[in-house]
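Peer 1: all I have is the shape, not the residue letters:
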């Protein structure tokens with residue numbers, strides 16, 4: 001029963017993004033932008049403060065697998081166009097909705113799996129990674145909701161796609177907890193997967209932070225959001 005709470009939190013992120021898009025389509029973009037920046041900074045902190053220190057103590061090839069994760073995320077974004085980061089107007093978004101949706105589903109499953117891997121010893125604990133990933137999914141679901149409702153105007157199909165997407169991160173979490181709590185893979189393979197996840201987080205977070213360039217007009221507010229994300233992630237890693 002304890003695992004239900006983290007699953008609900010992971011489900012709440014994309015559902016909140018979908019509801020925001022349907023209720024406040026025009027006025028919520030500033031909030032979404034801040035959420036994107038905070039979650040990117042948070043994931044950067046998780047990679048630096050939580051995942052990488054463990055890896056370099058235990059696996060000699062950690063750096064290689066981190067690079068593999070970084071490159072994998074670049075490859076994945078060929079099929080998502082950065083929509084998973086809240087980029088609604090990206091020119092790189094694929095024309096095929098099914099290709100885009102498949103890439104985003106894989107992205108969400110992978111993030112959920114990473115939280116499950118991190119929490120498998122205490123699956124019912126609401127860790128910092130669970131909260132951070134839930135926040136990260138708000139702008140992703142918001143952007144996907146914009147696209148789906150423009151593609152399927154007034155159709156139930158759009159909502160079915162969105163609800164399926166919302167379930168992807170909790171499903172990934174469940175898989176991650178199950179695989180690692182049941183020792184279905186070796187410790188060495190677990191460390192390799194952790195390194196790959198760290199690489200994907202590094203790509204996601206640095207892309208978000210750099211693409212949200214610190215312009216003079218918005219520099220202070222963005223610095224506050226970035227430093228808040230890093231601070232919260234550091235505290236979460238200390239407590240975890």
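Peer 2: Nice, thanks for sending it over. The shown structure was predicted, so the numbers you read here are calculated from the model rather than taken from an experiment.
Peer 1: residues in contact with the residue nearest to residue 38 when sequence neighbours are not counted?
Peer 2: Excluding the flanking residues, the one nearest residue 38 by Cβ to Cβ, 6 or more residues apart in numbering is residue 229, at 4.5 Å. Every residue, glycine included, has its C-beta placed from N, CA and C. Listed by Cβ atoms under 8 Å, 6 or more residues apart in numbering, the contact set of residue 229 reads 37-42, 44-45.
Peer 1: mind giving me the packing neighbours of the helix or strand of the chain with the lowest mean pLDDT?
Peer 2: Within the chain, no helix or strand scores below helix 52-58, which has a mean of 73 by mean pLDDT, DSSP states H and E. Under the contact definition 3 or more Cβ pairs under 8 Å, 6 or more residues apart in numbering; DSSP states H and E, helix 52-58 sits against helix 62-80, helix 187-211.
Peer 1: closest to residue 166 out of the ones you listed?
Peer 2: Relative to residue 166, the nearest member of those by Cβ to Cβ is helix 62-80, separated by 16.3 Å.
Peer 1: which parts of the helix or strand following that closest one are buried?
Peer 2: The helix or strand immediately downstream of helix 62-80 is helix 97-119, counting by DSSP states H and E. Residues 97, 100-101, 103-119 are the ones in helix 97-119 that count as buried (16 or more other Cβ atoms under 10 Å).
Peer 1: and helix 97-119 with helix 187-211, angle?
Peer 2: 120 degrees (axes from the mean of the first three to the mean of the last three Cα atoms, to 10 degrees).
Peer 1: got the angle for helix 97-119 vs helix 62-80?
Peer 2: 150 degrees.
Peer 1: re the thing from before, check which helix or strand the residue nearest to residue 38 maps to.
Peer 2: helix 219-239.
Peer 1: so where's the chain shaky on pLDDT?
Peer 2: 1, 24-31, 57-60, 81-95, 154, 211-219, 240 (pLDDT under 70).
Peer 1: 50 - rerun?
Peer 2: Filtered on pLDDT under 50, the chain yields the residue ranges 89, 91, 216.
Peer 1: now, which of the contacts of residue 229 lie within helices?
Peer 2: Of the contacts of residue 229, the ones assigned to helices by DSSP state H are 37-42, 44-45.
Peer 1: to residue 52, which of the helices and strands packed on helix 52-58 lies closest?
Peer 2: Among the helices and strands packed on helix 52-58, if distance is taken as Cβ to Cβ, the winner is helix 187-211, at 5.6 Å.
Peer 1: got a list of what residue 55 touches?
Peer 2: The contact partners of residue 55, by Cβ under 8 Å, 6+ apart, come to 62, 65-66, 191, 194-195, 198.
Peer 1: possible to save these as a markdown table with distance to residue 157 and neighbour count?
Peer 2: Below are the contacts of residue 55 laid out as a markdown table (distance: Cβ to Cβ, whole Å; neighbours: other Cβ atoms under 10 Å):
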| residue | distance to residue 157 | neighbour count |
| --- | --- | --- |
| 62 | 43 | 21 |
| 65 | 39 | 20 |
| 66 | 39 | 25 |
| 191 | 41 | 18 |
| 194 | 37 | 24 |
| 195 | 38 | 25 |
| 198 | 36 | 25 |
